[in-house]
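Peer 1: Next one to model:
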Amino acid sequence: MENYIYIMHLPKHSLLFGLLLFAALGLLSFCFPEKGWKVGGSTQFNFPSIQTLFGQKHHLTDISKILETIEDIDTNYALVEFPHSKNTLDTASNSTTTIDTSAIPNASEVQTEIKEDSFLVLKEEQPKTLITGIQCRNKKALYAFFRALSQVKGDQNSLRVLHYGDSQIEGDRMTEYLRLKLQAQFGGEGPGLVSFMPVSKSVINRIEYGDNWERHGAYTARDKQVPHNNFGVLASFSRFKGLKGSATKTAASGTLGITTTPLGGGNALNFKKIKLFYGGAKSRTWCEFYEGPVLMKADSLDAGGNFNIREFKIASGGNKHSFKFRAFDSPDFYALSLEGNGGVMVDNIALRGSSGTFFQHLNSEQLKAFYEHLNVKLIILQFGGNAIPSLLTDSMAVNYGNYLRYQINLVKKAAPQASILFIGPSDMNIKEGTEYVTYPLLESVRDEIKKAALESGCAFFDLYDCMGGKNSMAAWVEQNLAARDYTHFSPQGARKMAMMLYAALINEYNAFLKNEKFK
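Peer 2: Residues are numbered from 1 along each chain as shown. Model (predicted):
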């Protein structure tokens with residue numbers, strides 16, 4: 001039998017061990033490099049400093065007033081005849097705008113009736129202040145869009161709003177609300193442009209495609225497999241036969257299914273036609289179009305070209321549609337468009353990982369053809385978030401602003417008939433010790449983006465200020481309005497941002513109508 005020696009464990013031993021451990025950790029915290037200790041180049045060790053552990057903590061930004069204001073301005077707009085009073089509606093091109101409805105009799109009982117020469121106002125009787133408005137150095141920056149919007153009800157052709165952005169708008173976030181409100185107020189049907197191979201799932205469209213499909217893009221880095229720059233309006237195209245196999249004489253086939261859900265509202269669901277944008281095939285492509293299980297149309301798609309369109313009428317109004325293709329060489333499929341007749345179309349173009357500096361990779365003539373055919377009147381650019389982590393100095397922030405200025409000018413040349421609205425980045429947090437704080441250069445980057453947009457004659461919407469400014473993202477995370485990556489809004493948070501954006505946009509539209517009436 002083995003002999004064991006038992007030593008009594010006294011409380012003072014535990015106390016002594018705790019003190020020694022605390023002293024050792026304190027010494028390590030005092031001596032450990034502030035910026036961490038890199039090993040090998042890819043691994044870094046960090047240890048909280050004494051200041052981090054016991055120093056002053058960053059308090060969460062109080063966003064309660066912001067959230068209350070959002071609820072108050074929940075786009076409760078009605079079209080009413082504008083009273084002849086200089087003080088009734090006042091907007092400015094600075095960062096704060098106010099709508100005063102005190103001069104409107106019975107404003108709280110206003111019905112959503114459309115009247116000629118009317119103005120959008122809030123239903124509430126008390127004036128409401130928007131947290132941040134749309135900023136314009138050129139007061140007519142959005143007039144092309146507003147003029148088309150004011151005339152759209154008498155036009156059989158739809159006008160388009162293209163919402164380009166990074167992963168912040170994936171899944172139709174923010175765009176969906178703009179579409180819902182604009183189509184309810186000004187008419188329009190359908191969710192608009194849809195990629196054959198979307199990077200992320202949408203709340204409105206469910207896309208199913210075969211394993212043989214491949215996507216080629218230019219929005220992060222230009223795909224070097226592609227020998228041309230015909231990437232289309234979505235900055236990418238899809239094929240059911242790969243580029244490497246396009247020269248073979250073996251026939252290939254592809255299927256594509258589209259299921260439209262009611263989550264985008266009745267207007268988005270009630271589209272009347274599907275347009276197919278394609279080009280670049282070496283031979284003709286056999287195409288079959290189905291509504292549910294019923295074959296509705298069969299025809300061949302043209303070979304060649306970089307801007308071909310085929311339209312398919314919707315007969316039954318069902319929500320399931322599909323295509324079957326067969327050819328020796330696949331076309332480059334640029335997009336589908338699910339649309340109605342007239343009104344407003346709002347397209348979500350979410351480009352994951354993009355910093356917005358990709359337009360130089362696109363064929364400008366092809367892009368111009370897309371914009372003209374789609375009757376684009378407003379282009380929203382929402383970028384900056386993907387660039388911020390890699391911008392380490394003020395000079396890098398300045399250079400990024402200049403890159404965006406160049407991109408904006410390319411867009412203006414391709415769409416001279418359209419207004420441009422740039423939405424700046426939201427707050428983004430990085431972990432500093434035990435806390436999450438705003439990226440050091442985020443405000444500098446925001447300022448350079450704003451400068452580039454305003455000096456280029458565009459409008460600017462400050463998402464960062466709108467949500468509360470510095471260190472506000474942590475508060476949005478705390479409220480479950482943003483994800484735990486401290487970068488992206490949750491669907492609920494994105495909806496609140498979209499509400500503020502729409503309110504600010506309509507506020508500027510009011511100012512336009514007022515100017516048109518009294519000039």
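Peer 1: List the buried residues in stretch 404-417.
Peer 2: Across stretch 404-417, burial judged by 16 or more other Cβ atoms under 10 Å covers 404-405, 407-408, 411-412, 414-415. Where C-beta positions appear, they are placed from N, C-alpha and C, glycine not excepted.
Peer 1: what does it contact?
Peer 2: Identification of contacts with stretch 404-417 by Cβ atoms under 8 Å, 6 or more residues apart in numbering yields 144, 356-360, 364, 367-368, 371-372, 376-377, 379, 381, 383, 420, 422, 448-449, 452-453, 455-458.
Peer 1: Need the buried ones from those selected in ChimeraX.
Peer 2: Under the burial definition 16+ other Cβ under 10 Å, those of the contacts of stretch 404-417 that qualify are selected in ChimeraX by:
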select :144,356,357,358,359,367,371,376,377,379,381,383,420,422,448,449,452,453,456,457,458
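Peer 1: got the buried residues for the helix or strand where Ala475 lies?
Peer 2: Counting by DSSP states H and E, the element that carries Ala475 is helix 473-478. By neighbour count on 16+ other Cβ under 10 Å, the buried set for helix 473-478 is 473-477.
Peer 1: Next: stretch 298-305.
Peer 2: 301, 303.
Peer 1: so which of the buried residues of stretch 404-417 comes closest to Ser330?
Peer 2: Ala414 (26.2 Å; Cβ to Cβ).
Peer 1: What values do phi and psi take at that closest one?
Peer 2: phi -80, psi -30 (degrees, to the nearest 10).
Peer 1: Secondary structure of Thr178: a helix, I assume?
Peer 2: One thing to correct before we go on: residue 178 is Leu, not Thr. Yes: Leu178 forms part of a helix when assessed by DSSP: H, G, I helix; E, B strand; the rest coil.
Peer 1: Quickly list what the closest residue to it other than its chain neighbours is bridged to.
Peer 2: Nearest residue to Leu178, sequence neighbours excluded (Cβ to Cβ, 6 or more residues apart in numbering): Val346, at 5.3 Å. Legend: beta-bridge partners of Val346 under DSSP bridges are Val161.
Peer 1: In terms of secondary structure, what does the host helix or strand of Glu365 contact?
Peer 2: In the assignment (DSSP H and E), Glu365 maps to helix 364-374. Packing contacts for helix 364-374, counted by 3 or more Cβ pairs under 8 Å, 6 or more residues apart in numbering; DSSP states H and E, involve helix 394-414.
Peer 1: any idea how far Val376 is from Gln360?
Peer 2: 19 Å (Cβ to Cβ, to the nearest Å).
Peer 1: circling back to that earlier point, switch the buried residues of helix 473-478 over to a markdown table, and while doing so, append distance to Thr260 and pLDDT to every line.
Peer 2: Output for the buried residues of helix 473-478, formatted as a markdown table (distance: Cβ to Cβ, whole Å; pLDDT from 0 to 100):
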| residue | distance to Thr260 | pLDDT |
| --- | --- | --- |
| Met473 | 33 | 97 |
| Ala474 | 37 | 95 |
| Ala475 | 36 | 96 |
| Trp476 | 31 | 97 |
| Val477 | 32 | 97 |
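Peer 1: for the protein, where's the lowest mean pLDDT among helices and strands?
Peer 2: Least confident element among the helices and strands of the chain, by mean pLDDT, DSSP states H and E: strand 89-90 (a mean of 32).
Peer 1: Phe186 and Lys153 touch, don't they?
Peer 2: Yes: the pair Phe186 / Lys153 is scored as a contact, 6.6 Å apart, by Cβ atoms under 8 Å.
Peer 1: residues shared between the contacts of the two?
Peer 2: Common neighbours of Phe186 and Lys153 are listed as Gly343 (criterion: Cβ under 8 Å, 6+ apart).
Peer 1: Between the two, which is the more surrounded one?
Peer 2: Phe186 (16 against 12; other Cβ atoms under 10 Å).
Peer 1: Can you read off the pLDDT for the more buried one?
Peer 2: pLDDT, Phe186: 94.
Peer 1: if I pick it, what's in contact with it?
Peer 2: Per Cβ under 8 Å, 6+ apart, neighbours of Phe186: 149, 152-153, 343-344.
Peer 1: what do you get if the cut-off is 6 Å, keeping everything else the same?
Peer 2: Counting by Cβ atoms under 6 Å, 6 or more residues apart in numbering, Phe186 makes contact with 152, 344.
Peer 1: What mean pLDDT does stretch 484-497 get?
Peer 2: Averaging pLDDT along stretch 484-497 gives 96.
Peer 1: and what of stretch 412-419?
Peer 2: Stretch 412-419 comes out at a mean pLDDT of 98.
Peer 1: Kindly report the same for stretch 254-265.
Peer 2: 90.
Peer 1: Tell me the buried residues in it?
Peer 2: 254-256, 258, 260, 264-265.
Peer 1: and if you look at stretch 395-406?
Peer 2: Quick answer for stretch 395-406 (16+ other Cβ under 10 Å): 396-398, 400-401, 403-405.
Peer 1: Also stretch 231-249?
Peer 2: Buried residues in stretch 231-249 (16+ other Cβ under 10 Å): 231-241, 243, 246.
Peer 1: hmm, who's touching it?
Peer 2: Contacting residues not belonging to stretch 231-249 are listed as 195-197, 212-219, 225, 252, 254, 325, 328-330, 332-335, 349, 358, 362, 370 [Cβ under 6 Å, 6+ apart].
Peer 1: Quick check: which ranges of the stretch 151-300 of the chain have low pLDDT?
Peer 2: 245-247 (pLDDT under 70).
Peer 1: quick one, helices of it?
Peer 2: Here the stretch 151-300 of the chain has its helices, by DSSP state H, counting those that start in this stretch, at 175-186, 266-269.
Peer 1: For Val437, which of the ones you listed is the nearest?
Peer 2: helix 175-186 (29.3 Å).
Peer 1: centre of the chain versus that closest one, how much separation?
Peer 2: Centre-to-centre, helix 175-186 and its host chain are 14 Å apart (Cα atoms, centre = their mean, to the nearest Å).
Peer 1: ok, now stretch 253-269?
Peer 2: For stretch 253-269 - counting by Cα atoms, centre = their mean - the centre lies 20 Å from the chain centre.
Peer 1: Likewise for stretch 192-206?
Peer 2: Using Cα atoms, centre = their mean, the offset of stretch 192-206 from its chain centre is 13 Å.
Peer 1: which residues touch the residue nearest the centre of the chain?
Peer 2: Centroid-nearest residue in the chain: Ile169, 3.2 Å away (criterion: Cα atoms, centre = their mean). By Cβ under 6 Å, 6+ apart, the contact set of Ile169 is 175, 350.
Peer 1: What separation do you get for it and Gln382?
Peer 2: 6 Å.
Peer 1: and if you look at Ala235?
Peer 2: 14 Å.
Peer 1: Ok, Asp302 next?
Peer 2: 35 Å.
Peer 1: Go through stretch 192-207 and flag the buried ones.
Peer 2: 192-199, 202-205, 207.
Peer 1: Of these, just say which sits nearest to Ser490.
Peer 2: Among these, and counting by Cβ to Cβ, the member closest to Ser490 is Val203, at 13.0 Å.
Peer 1: for the closest one, phi and psi?
Peer 2: phi -70, psi -20.
Peer 1: Now it. Nearest residue, chain neighbours left out?
Peer 2: Leu263 (4.6 Å).
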